[in-house]
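Participant: The amino acid sequence is not available; the structure is as follows:
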């Protein structure tokens, strides 16, 4: 344990600022690597942290994998870009509405300029935008029909 990093409880790991410490913990098989990689995102350059995020995305613990995808979303927020290896890792996760990567992809949509997105992610952005608009129209139509039906029922009684 160095500088207050408690790998058992996860206490202080969001303050982790040394990629070499994360690598050593990965080598020891520590459990809270996803949590620690979020700390790296806040304190290190994208080039330094990107390979570690990708490694954390492949952990067997689903919770820690989820934290790795959270780290990717934070990287997009803080840097306004992602590395090709992070885009590849997001794509490999088979992004869908219930995917573990959905929040990281949404953050990428919000913070990375559209022109910088890879083609597969641009297509996903267009698909998601059209789907959301159609759902919005559908819900508004259902609300209007429900309001009209309630109005007709009130007049009958």
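Facilitator: Arrived safely, thanks for sending. This one's a predicted model, so the numbers in the text were calculated from it and none came from an experiment. Numbering: from 1, shown residues only.

Participant: Please make it C-alpha for all contacts and neighbour counts, starting now.
Facilitator: Fine.

Participant: Nearest spatial neighbour of the residue nearest to the spatial centre of the chain, chain-adjacent residues omitted?
Facilitator: Nearest residue to the geometric centre of the chain (C-alpha atoms, centre = their mean): residue 104, 1.8 Å. Nearest non-adjacent residue to residue 104, counting by C-alpha to C-alpha, 6 or more residues apart in numbering: residue 73, 4.1 Å away.

Participant: So which bits of the one helix or strand that neighbour maps to are buried?
Facilitator: Counting by DSSP states H and E, the element that carries residue 73 is helix 62-79. By neighbour count on 16 or more other C-alpha atoms under 10 Å, the buried set for helix 62-79 is 64-78.

Participant: quick check, nearest of those to residue 52?
Facilitator: Distance to residue 52, by C-alpha to C-alpha, is smallest for residue 68 among the buried residues of helix 62-79, at 8.9 Å.

Participant: contacting residues for the spatially closest residue to residue 53 that is not a sequence neighbour?
Facilitator: Excluding the flanking residues, the one nearest residue 53 by C-alpha to C-alpha, 6+ apart is residue 68, at 5.7 Å. By C-alpha atoms under 8 Å, 6 or more residues apart in numbering, the residues touching residue 68 are 34, 35, 37, 38, 53, 54, 56, 57.

Participant: Save those as JSON lines, and put in distance to residue 82 too.
Facilitator: Listed next are those as JSON lines, based on distance: C-alpha to C-alpha, whole Å:
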{"residue": "34", "distance to residue 82": "18"}
{"residue": "35", "distance to residue 82": "19"}
{"residue": "37", "distance to residue 82": "15"}
{"residue": "38", "distance to residue 82": "15"}
{"residue": "53", "distance to residue 82": "11"}
{"residue": "54", "distance to residue 82": "12"}
{"residue": "56", "distance to residue 82": "16"}
{"residue": "57", "distance to residue 82": "15"}
